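**Student:** quick one, fold the following:
(chains A and B)
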2 protein chains.
Amino acid sequence: MGLPALNNANNEHTSPPEHLRVDEQQLCYSKEPLRDLSHFLVHVEHPLNAEPLLPLLVNAGTITPSDLFFKRNHGPIPNIQLEEHRCAGNRRDGLAQLKEVKGVIWGAGTISTAVWGGPRLRDVLRDIAGIHDNDLVHNYHVAFEADDHVHEDACYGSSIPLRKAMDPLGDVILAYEMNGEPLSRDHGFPLRVIVPGFIGARSVKYLQKIIVQSQESNSYFQQKDYKILPPWVDSHNVDKSWGCAGALGEMNVQCVICTPTEKETILSSRPVVVKGYAISGGGRSIYRVELSVDGGRTWEPVDKIEQAPQKGSGMYWAWALWEKTVSTVNTTTELVARAYDSSGNIQPETPIWNYRGVMNNAWFRVKNVTQMPHHNL
Amino acid sequence: MGLPALNNANNEHTSPPEHLRVDEQQLCYSKEPLRDLSHFLVHVEHPLNAEPLLPLLVNAGTITPSDLFFKRNHGPIPNIQLEEHRCAGNRRDGLAQLKEVKGVIWGAGTISTAVWGGPRLRDVLRDIAGIHDNDLVHNYHVAFEADDHVHEDACYGSSIPLRKAMDPLGDVILAYEMNGEPLSRDHGFPLRVIVPGFIGARSVKYLQKIIVQSQESNSYFQQKDYKILPPWVDSHNVDKSWGCAGALGEMNVQCVICTPTEKETILSSRPVVVKGYAISGGGRSIYRVELSVDGGRTWEPVDKIEQAPQKGSGMYWAWALWEKTVSTVNTTTELVARAYDSSGNIQPETPIWNYRGVMNNAWFRVKNVTQMPHHNL
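**Tutor:** This is a model prediction of the structure:
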């Protein structure tokens, strides 16, 4: 198998300096795991970046089966025979419609929810590294390094505030299990970080090193990526502009319609059940989900919404799944969904473009759904 | 002094049931503290509800002097010879323009920042009530009752999650000092709660009782107030709709232009310095502030922004003060400010109306500012 086309338009990252380019042999994709990708929208094959189809995602229920969990990679899967919760680039496609963005043009399926198993990072830092609550210095960070090879840096790396790692209610774990089974290679085998409530980019896979330090990770992925750059920064001035925005941590409030999908034709005259998910970052719960059938002019509550807090901490790390029955849809119907989180944060009506296309949480719209009576043959 | 006109259009709350109406004598305002209100916009005299004028607020600096701190009351000041950080009704005026709202029509000055002194509630609960970190049950709450008389209930009351009270980084205190001096009567003498990052309504003044319980406070102010009711709830159906929304806790992201003000005429031909504040809830920092001079079509970064984290916890409880020099303003100028917080939350372009008019954080607009050369006389 040939070398990855890392510099195409869909490349997730900007070009690294010459001295950081890894040996071409290290980016060999000949030992990737065998995969069935029939239920995925594959954005990039090498490295594999694929999101599950939206209707399958929401119909799979609260916990996403491991084989349907979205797949996000920056290089070949290391052959050392775990996955993020949610990717900051989720819904990047909505920003790409406004102006070119840099990164995999993810849809809204770059989110899944699994049950992860492993020790608390807090306990590891305390029992093995001797770090205690009293050592909580607010400008300290925990950096993670992966045992992999990527194009942009020596390895994939990232960091989180020490405060998040040590928070008794923060639920950061070092996971070796996903949905009750050992991590697969695609999802970070043998060990990965899970940082709930944060963008997936901080849940480093193939974990090799943990460093407590006084600064954020120096990794490309912390310093020059996953930032909401201001709208006046684009490809012409981005190189000198990375310093003007902070690295992302917690997610914002988000709401997505998973079914029906854009331009879908429903072969049934019965009422249509609209289904979707909503989620916020930092353990904040979903306060309310509203649905419009007329493009956002009028709104109604959804019929049902389910979101469970984490046992113990009571924090809301997992998504809320919601549904609402709509009597009929036709060519003039425009479905729009929006959510409020428990801190009163709401979603903007229209997206604000940013160069990296991250954290797009504008109202989610589904147009051109049509309904035709289904005649049994 | 006569009885308060509690049922006028500006009354903050809906009418309570008959059995909760307090004796008229208890709502006597003859013993209010002596006050100089020349720097305030007084919305209601009895009970006193007044916000400082916006230019004075921002020019006073990071810490608001006690005599300029906004004054929020639900009844007479108890004569037992402290103030909230921020009020959920801040900027209610923007929602009142869309449709009638219930409550004091606060502008954007219902926010101030003071230095509060007193023991941590966490330590009090641990050392006096014997509550420990291991007792952190996520559905427990800490209820507060005030030693006062209000129209809506037996006393002012409210609650916060036990999780927030016990959070080592939550910084909830029982304050007896404000800006280095004992609390004044207007601000809660002798003791009040300070719940940073939460709406001011939870920072109960004249504190008389603390109760750890398995449910939220039953107080009117927790159950039938300070909620973002859905847009389809108004005065016609509100009585049966309180249960459909949760009680507010953390604030959302907010940004306000304090100077110049709407329709202000500036007597100087020099560039205009635009100043304002931005803040978010839950200890989240301000990620960026942007200013537009053309009504929101184009945006620029502000020149300067200052926000300090809390010593120890590193959380961002206090506002960010920002400023930007604009070369000139004229009748076509429309100043607009917006902020992003560290969780990627942004403000909506237009407000979404809610009956109680709370948590309005739409882009802040200042129109019709004019500039005239200033000729020294």
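
**Student:** how about residue A:198, phi and psi?
**Tutor:** The phi/psi pair for residue A:198 (degrees, to the nearest 10) reads phi -100, psi 160.

**Student:** how about it, what does it touch?
**Tutor:** A:85, A:160, A:164, A:249-251, A:281 (C-beta atoms under 8 Å, 6 or more residues apart in numbering or on different chains). Quick note: C-beta positions are derived from backbone N, CA and C, even for glycine.

**Student:** okay, buried residues for stretch A:97-104 please.
**Tutor:** For stretch A:97-104, a neighbour-count test (16 or more other C-beta atoms under 10 Å in any protein chain shown) marks A:101-104 as buried.

**Student:** just stretch A:122-142 next, same as before
**Tutor:** A:122, A:124-125, A:131, A:136, A:140-142.

**Student:** where does the stretch 251-377 of chain A have low pLDDT?
**Tutor:** Scanning the stretch 251-377 of chain A for pLDDT under 70 picks out the ranges A:376-377.

**Student:** helix, strand or coil for the closest residue to chain B within it?
**Tutor:** Closest residue of the stretch 251-377 of chain A to chain B, C-beta to the nearest C-beta: residue A:314 (2.1 Å). Assigned state for residue A:314: coil (three-state reduction, DSSP: H, G, I helix; E, B strand; the rest coil).

**Student:** hmm, residue B:163 and it touching each other?
**Tutor:** Yes: if you go by C-beta atoms under 8 Å, residue A:314 and residue B:163 touch, sitting 6.1 Å apart.

**Student:** of these two, which one has the most company?
**Tutor:** Using other C-beta atoms under 10 Å in any protein chain shown, the more surrounded residue of residue A:314 and residue B:163 is residue B:163, with 21 against 18.

**Student:** contact partners of the helix or strand containing that one?
**Tutor:** Residue B:163 belongs to helix B:162-166 when assigned by DSSP states H and E. Helix B:162-166 is contacted from outside by A:169, A:313-314, B:121-122, B:125-126, B:131, B:133, B:135-138, B:140-142, B:170, B:172, B:195, B:198, B:212, B:249, using C-beta under 8 Å, 6+ apart.

**Student:** next: stretch A:127-143.
**Tutor:** Identification of contacts with stretch A:127-143 by C-beta under 8 Å, 6+ apart yields A:121, A:125-126, A:157-163, A:165-166, A:209-217, A:219, B:168-169, B:309, B:312-315.

**Student:** can you turn the buried part of the residues you listed into a PyMOL selection?
**Tutor:** Of these, the buried ones go into a single PyMOL selection, burial set by 16+ other C-beta under 10 Å:
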select buried, (chain A and resi 121+125+157+158+159+160+161+162+163+165+166+210+212+216+217+219) or (chain B and resi 168+169+313+314+315)
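
**Student:** would you mind giving the domain segments of chain A?
**Tutor:** Split into domains by automatic domain parsing, chain A comes to A:18-244, A:254-372.

**Student:** now those domains as JSON lines including distance to residue B:179?
**Tutor:** Shown next, in JSON lines, are those (distance: least, C-beta to C-beta, whole Å):
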{"stretch": "domain A:18-244", "distance to residue B:179": "24"}
{"stretch": "domain A:254-372", "distance to residue B:179": "27"}
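
**Student:** picking up where we left off before, the buried residues of stretch A:122-142 in strands, which ones?
**Tutor:** A:141-142 (DSSP state E).

**Student:** picking that back up, could you say which helix or strand holds the nearest residue to the residue of the stretch 251-377 of chain A closest to chain B once chain neighbours are set aside?
**Tutor:** With C-beta to C-beta, 6 or more residues apart in numbering or on different chains as the criterion, residue A:314 has its nearest non-adjacent residue at 2.1 Å, and that residue is residue B:138. Under the criterion DSSP H and E, no helix or strand holds residue B:138.

**Student:** from residue A:339, how far off is the closest residue to residue A:108 other than its chain neighbours?
**Tutor:** Leaving aside its sequence neighbours, residue A:108 sits nearest to residue A:256 (C-beta to C-beta, 6+ apart; 4.4 Å). Remark: distance between residue A:256 and residue A:339 (C-beta to C-beta, to the nearest Å) = 9 Å.

**Student:** who has more neighbours, those two?
**Tutor:** Taking other C-beta under 10 Å, residue A:256 and residue A:339 do not tie; residue A:339 has more neighbours (28 against 24).
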